[in-house]
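In: The following comprises the amino acid sequence and a computationally predicted model.
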Amino acid sequence: MQSLWNDTEAATFGTDLLGQRVYTSRLLGRNPALVLHGGGNTSVKVTEKDFFGDDVELCYVKGSGWDLATIEREGFSPVRMDALIKMSKLASMSDADMVLQQKAAMTNPNAPAASIEAILHAILPFRFVDHSHANAISALTCNAEGEARVKELYGNRVIIVPYVMPGFILAKTVADLISGRDLRAEGVQGLVLLKHGLFTFDDDARKSYELHIEMVTMAEEYLAQKSGQAAAAQTEAATDLKALATLRQAVSKVRGYPQIARLNASAEAAGYAGLAGVAEFGTRGPLTPDHSIRTKRAPAFIGEDIAASVQKYADDYKAYFDRNAAGHTQLDAAPRFAIWPNQGVVSFGDTLKDAKIVADIAESTAATVQLAEKVGGWEPLPEKDIFEIEYWELEQAKLRKGPARKVHQGKVALVTGCAAGIGFAIAESLAEQGAQVVGLDIDKEIPDIMKKIGGVGIVVNLTEDQPVQEAIDFVVSEYGGIDIVVSNAGIFPKNEHLDVMQQMDWDRTISINLTSHQKLMNKVIPYVKLGIEPSIIFVGSRNFKAPGPGASAYSCSKAALTQLCRVAALELAPWRVRVNIVHPDAVFDTKLWTPEALQRSAERYGMTVDEYKTKNLMKVEIKSKDIGNMVSAMASPLFAKVTGAQIPVDGGNDRVI
């Protein structure tokens, strides 16, 4: 591990103490082997003038909800030192009182809530304090000989702290350990919290940070020597996509909501999942108790029967809860990641962001557990201690602060023909309601277009078999399955009567407007059957019931597409896959309808453009977003018991009615 300190970069953060604190905090946060997703905390002690011009001693400590990798000055909470010191001298203090009193002691009530370790930071008699959950420290201390290892490695440079509950209890424990001691005179430079993490401190920002790097490096080198630097097991395996979709479906059912599933099939992950004994040592517990908030106490181990493996995990979790609960309400029993032999490690989340966070923790856990097992055995905290953190009110409160759940959150949607117009509006509406959207289109701009809505775009000619299959495989391998399919791709050929129409125009229209949809169904249905509240929606047209002269190819293709929808509804009902079709009409806010084209069409009817846009029974304008919102609704629980339906979105058409 190397120091990332750079004088030029450091100068950009300012020469004041808080600026230096921000910089070195970010240096810690840059390294995932030290800090992952909100973990760790840092502080600096300063003297400032208050509003009335009086000097006040403050401890600026990392605020709740901030990540060290990106923290700003505003991410540090200014807490009065005298209040924190008084709290440390109390015999006992509830979590609620601690949070309340820390908030009351802040000189800026608009700052975030101070870290639960604020009291501990305050009582350490150094200006800068750095704390991380370094992987190497976990591997070093999560062992029956952890304390002896720390003594052997660091000697008197650190104080060894037995594991206790974070917050007030930890602060009191450290206060007792340092009471009456002169840490500077003794040469004490840090604390090693067994099965938790590392603290380093100094009056200089750079020295405190580089002490951290030095001590973690020492742990890494010690472990490498003890393990003989043996290479991690690595293997390659072809991904079983249907099995992955089955696993995602099983976990989603236990969770109660659709889950994004991220498979890490790298050689390292697959090798770890294939290790002898990993079902036992890989499920003993987390690197640090903080991880249990995101990952639960342990991952699932997936055997040959996927559904049974997930159910066993749920049953074991309930038993774990029953053994340790005391008036708690059980959280869901679904795993947050799984060890899957011959495949890799799978992470789950309500959103793609959540799943990626779990994936990062799972990857770090696998590497550290494997190393620790080589050098004497992985021995994390007992389950009772993990339970106390997982169900700790202060941590659960953080989870409850998230936004309300969206209708399609956790679902994966595949939309074709979505580079513009109705297709884009559909993709946008689904994304707005929380779906992870993948758009397929022949337009080369589709990747950039989908980025606008947080989706992924793939350039695909939907009439070609192999590219379509590859796109579907990508979606399943990337997100774990497919729940919503919107088959929208289509063209409207030039108006020509049957006696003058070119055969190639007819063939091309049928190929794109009908056959490509059939090809898509052939390849995507096996995964949709394994989806969560699965739904297939076709985009038809008013023309299927009310055709016009010169539109034979278009009208016939949409009529046949409607029939394809009806047959699919009949075939997929046993799997509770809903199949419906929406029939738009007169949607003019698309690339096809230029102002000139609209003017010409309106003149043919003897209307103004506004009259032409609203030439339906309700006299309303139909926009692409109206179709998008309807399709999103049709894929939602509102249509949970509707299949084979044909929904017009046309403001009312007398010929159709």
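Out: Everything's here; your move.
In: residues touching Glu611, list them.
Out: By CB atoms under 8 Å, 6 or more residues apart in numbering, the contact set of Glu611 is Ala602. (Glycine included, C-beta is placed from N, CA and C.)
In: do the one 4 residues further on as well
Out: Residues counted as contacts of Lys615 (CB under 8 Å, 6+ apart) are Ala586, Tyr605, Met607.
In: Could you find the lowest-pLDDT member of the residues you listed?
Out: On pLDDT alone, Tyr605 ranks lowest of the contacts of Lys615, at 87.
In: how close does the closest residue to it other than its chain neighbours get to Arg542?
Out: Take Tyr605 and drop its neighbours on the chain: the residue closest to it by CB to CB, 6 or more residues apart in numbering is Tyr612, 6.0 Å away. Counting by CB to CB, to the nearest Å, the gap from Tyr612 to Arg542 is 15 Å.
In: Quick check on the spatially most distant residue from the centre of the chain: phi, psi?
Out: What lies farthest from the middle of the chain is Asp499; by CA atoms, centre = their mean that is 56.6 Å. Torsion angles at Asp499 (phi, psi; degrees, to the nearest 10) stand at phi -80, psi -10.
In: Next, count neighbours for Gln311.
Out: Gln311: 15 surrounding residues under other CB atoms under 10 Å.
In: Does anything pack onto the helix or strand hosting Gly423? Which helices or strands?
Out: If you go by DSSP states H and E, Gly423 is part of helix 421-432. With contacts defined as 3 or more CB pairs under 8 Å, 6 or more residues apart in numbering; DSSP states H and E, helix 421-432 has these neighbours: strand 412-416, strand 436-441, strand 484-487, strand 535-539, helix 624-634.
In: Looking at these, which is nearest to Glu393?
Out: strand 436-441 (31.8 Å; CB to CB).
In: Give me the contacts around the helix or strand encompassing Leu100.
Out: Here Leu100, judged by DSSP H and E, is contained in helix 95-104. With contacts defined as CB under 8 Å, 6+ apart, helix 95-104 is touched by 77, 79, 83-84, 87, 93, 109, 113-114, 116, 118-119, 167-168, 392-394.
In: just checking, which of these belong to helices?
Out: Ala83, Leu84, Met87, Ala118, Ile119, Phe168, Glu393, Leu394 (DSSP state H).
In: among the residues you listed, who's most crowded?
Out: Most surrounded of the ones in helices among the contacts of helix 95-104: other CB under 10 Å gives Ile119, at 30 neighbours.
In: how much space is there between Arg294 and Thr416?
Out: Counting by CB to CB - Arg294 and Thr416 are separated by 35 Å.
In: do the same with Cys556
Out: 20 Å.
In: of those two, who's got more company?
Out: Per other CB under 10 Å, whichever of Cys556 and Thr416 has more neighbours is Thr416, with 27 against 18.
In: Neighbour-wise, give me the winner out of the contacts of Lys615.
Out: Ala586 leads the contacts of Lys615 on contacts (other CB under 10 Å) with 18 neighbours.
In: dump the residue contacts of the closest residue to that residue other than its chain neighbours.
Out: Excluding the flanking residues, the one nearest Ala586 by CB to CB, 6+ apart is Ile622, at 5.6 Å. Counting by CB under 8 Å, 6+ apart, Ile622 makes contact with Pro584, Asp585, Ala586, Val587, Phe588, Asn616, Val649, Asp650, Gly651.
In: Count the residues that sit near Lys494.
Out: 10.
In: now do Phe301
Out: Around Phe301 sit 19 other residues, with neighbours defined as other CB under 10 Å.
In: Next: Gly197.
Out: 26.
In: count of neighbours near the closest residue to it other than its chain neighbours?
Out: Excluding its sequence neighbours, the residue lying closest to Gly197 (CB to CB, 6+ apart) is His133, at 4.3 Å. Burial of His133 is recorded as 23 neighbouring residues (other CB under 10 Å).
In: what's the distance between Asn461 and Pro166?
Out: In terms of CB to CB, Asn461 sits 56 Å off from Pro166.
In: Who has more neighbours out of these two?
Out: Legend: neighbour count by other CB under 10 Å for Asn461 and Pro166, higher for Pro166 (24 against 13).
In: Just give the closest residue to that one, not the sequence neighbours.
Out: Ile116 (6.0 Å).
In: Check Leu572 too.
Out: Nearest to Leu572 is Val579, by CB to CB, 6+ apart, at 5.7 Å.
In: and if you look at Phe474?
Out: Ile458 (6.9 Å).
In: And the helix or strand hosting that neighbour, what does it pack against?
Out: Applying DSSP H and E as the criterion places Ile458 in strand 456-459. Using 3+ CB pairs under 8 Å, 6+ apart, the elements in contact with strand 456-459 are strand 436-441, helix 446-451, helix 465-479.
In: With respect to Glu428, which of those lies nearest?
Out: The nearest among the helices and strands packed on strand 456-459, by CB to CB, is strand 436-441 at 8.3 Å.
In: Now do that closest one against helix 465-479, angle only.
Out: 170 degrees (axes from the mean of the first three to the mean of the last three CA atoms, to 10 degrees).
In: Contacts for strand 436-441, please.
Out: The contact list for strand 436-441 (CB under 8 Å, 6+ apart) reads 260, 351-352, 411-419, 423-424, 427, 430-431, 446, 449-450, 453-460, 462, 468, 471, 474-475, 479, 489.
In: Taking those, please make a ChimeraX selection of just the buried ones.
Out: In ChimeraX syntax, the buried subset of the contacts of strand 436-441 is picked out as below (16 or more other CB atoms under 10 Å):
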select :260,351,352,411,412,413,414,415,416,417,418,419,423,424,427,430,431,446,449,450,453,455,456,457,458,459,460,462,468,471,475,479,489
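In: residues contacting Ile123?
Out: Contacts of Ile123 by CB under 8 Å, 6+ apart are Leu84, Ile85, Ser88, Ala171, Val174, Ala175, Ile178.
In: Could you list the buried residues of the helix holding Leu100?
Out: In helix 95-104, counting by 16+ other CB under 10 Å, buried: Asp95, Met98, Val99, Gln101, Gln102.
In: For those, point out the one with the lowest pLDDT.
Out: Lowest confidence among the buried residues of helix 95-104: Asp95, with 89.
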